[in-house]
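In: Sequence first, predicted model second:
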Amino acid sequence: MNRPPPALLQTPGFAHYALKWSPFHGNRLVLASSANFGLVGNGRLHLVSLIPGPGGLPTIKLDKYFETQDGLYDVAWSEVHENQVVTASGDGSIRMWDIMLNDLAIAAWHEHTREVLSVDWSNVKKDTFASASWDGNIKVWTPDRPRSLLTLQAHSSCVYSALFSPHHPDILASCSTDGTVKIFDLRAPAYASNTNSYTKPLSAAALTVPASGSEVLSLDWNKYKTFTIACGGVDKTIKVWDCRMIKMGETGLVGGACETTLLGHEYAVKKVQWSPHHGDLLASASYDMTCRVWNTMPVAPVSQLVYIHDGHTEFVAGCAWSLYEEGFLASCGWDGRLALYRPI
């Protein structure tokens, strides 16, 4: 198959950690970026638009950027306001921006005590977003309140990501340095009715999946299969879990059946994302400087590995499928490069 060369945008001096497509406009993206590879220094929120171009791929245009005092590690679009995004910062803060305004954030929250690594806006309960932090906590927010709605003491160590289920408004999954994926039901009571006995704290996971013997850096819910989750991490593998296969353990429900293990990355897997258009198509970004596309349910003799993009020259930290244009995939990395291509 002859594919056109990727469309590229270079932003010198800033390493990209995450990118997100707008849920309202198919030609708009945002990038969360940090100076000095996120180790020290400022951050930037880049607003990018796509202009139709020849060969089936658009031209990428940098519209504007917002400066921050600390590095940015993640970004999420509002599901209720087309011009608003929230960012996760290295100073422990979460900020909301209106991309039609200039310079200053329109809201800020600072409850986390360590770096915020993940923000996710629920596309089911659209007035709610979640944050995950190096402090081991997940917090749930609504933009109208100055304080978080609740705090989950989710893991004993760094939480790399926390994502709402695309199928249920009160189900949330997280992954951590402890090698587990945990699923939380936000409807669970913290105390038994009409008693003073402590029965099930909200911080107790509804299900714990022992996903890896090392750190799990990323996870994503399948958009078509209700309790199917993919995760990737330091062990260089990607695993697909059926979270319906459970049993009772000493601290609650544990389990999850590993349906598929995807091998091929040479270093840690930093990001996984299921396609919004195909239930068996998964993209991954890795420290091996590649972004890969996988078919998780191939029919022999078709290979599970569908495509490799090796155009980055540093760690690939983010990847995301276009929500509107089937087959468009974007990736970003520490080389300050945003790439857009058609892997399928």
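Out: Done, it's in.

In: Pull up the gap between the residue nearest to residue 286 when sequence neighbours are not counted and residue 287, please.
Out: By the measure of Cβ to Cβ, 6 or more residues apart in numbering, the closest residue to residue 286 outside its immediate chain neighbours is residue 265, 4.3 Å from it. Placement of C-beta: from N, CA and C, glycine included. Distance of residue 265 to residue 287, computed by Cβ to Cβ, to the nearest Å: 8 Å.

In: Kindly report the same for residue 6.
Out: Separation of residue 6 from residue 287 (Cβ to Cβ): 20 Å.

In: for residue 218, same thing?
Out: Applying Cβ to Cβ to residue 218 and residue 287 gives a distance of 12 Å.

In: which neighbours do those two share?
Out: Common neighbours of residue 218 and residue 287, using Cβ atoms under 8 Å, 6 or more residues apart in numbering, are 269-270.

In: Compare those two (neighbour count), which wins?
Out: Applying other Cβ atoms under 10 Å to residue 218 and residue 287 shows that residue 218 carries more neighbours, namely 25 against 20.

In: picking that back up, so the residue nearest to residue 286 touches residue 292, yeah?
Out: Yes. Residue 265 is within contact range of residue 292, at 6.9 Å (criterion: Cβ atoms under 8 Å).

In: ok, those two, which is more surrounded?
Out: The neighbour comparison of residue 265 against residue 292 (other Cβ under 10 Å) goes to residue 292, with 27 against 21.

In: Specify the beta-bridge partners of the more buried one.
Out: residue 284, residue 308 (DSSP bridges).

In: now residue 77
Out: Bridge pairing for residue 77 - DSSP bridges - gives residue 85.

In: can I assume residue 309 is in contact with residue 292?
Out: Yes. The pair residue 309 / residue 292 is scored as a contact, 7.5 Å apart, by Cβ under 8 Å.

In: Which residues are in contact with the residue nearest to residue 286?
Out: Residues near residue 265 by Cβ under 8 Å, 6+ apart: 232, 236-238, 284, 286, 288, 290, 292.

In: switch to 10 Å and redo it
Out: Neighbouring residues of residue 265 by Cβ atoms under 10 Å, 6 or more residues apart in numbering: 232, 235-238, 284-288, 290, 292, 308.

In: re earlier: any residues in contact with both of residue 265 and residue 287?
Out: Here residue 265 and residue 287 share the contacting residues residue 236, scored by Cβ under 10 Å, 6+ apart.

In: Tell me, what's the model's pLDDT at residue 265?
Out: Looking at residue 265, its pLDDT stands at 97.

In: got any ranges where the stretch 1-150 of the chain has weak pLDDT?
Out: Along the stretch 1-150 of the chain, segments meeting pLDDT under 70 span 1-2, 55.

In: circling back: name the residues contacting each of residue 265 and residue 292.
Out: What both residue 265 and residue 292 touch, as defined by Cβ under 10 Å, 6+ apart, is the set 238, 284-286, 308.

In: among those, who's most crowded?
Out: Neighbour-wise, the shared contacts of residue 265 and residue 292 (other Cβ under 10 Å) top out at residue 285, 30 neighbours.

In: I'd say that one and residue 321 touch.
Out: No. Look at residue 285 against residue 321 with Cβ atoms under 10 Å: they stay out of range, at 12.0 Å.

In: which residues are in contact with both of these two?
Out: residue 273.

In: now the helices for the stretch 1-150 of the chain?
Out: Taking DSSP state H, counting those that start in this stretch, the stretch 1-150 of the chain contains no helices at all.

In: Thank you kindly, that will do.
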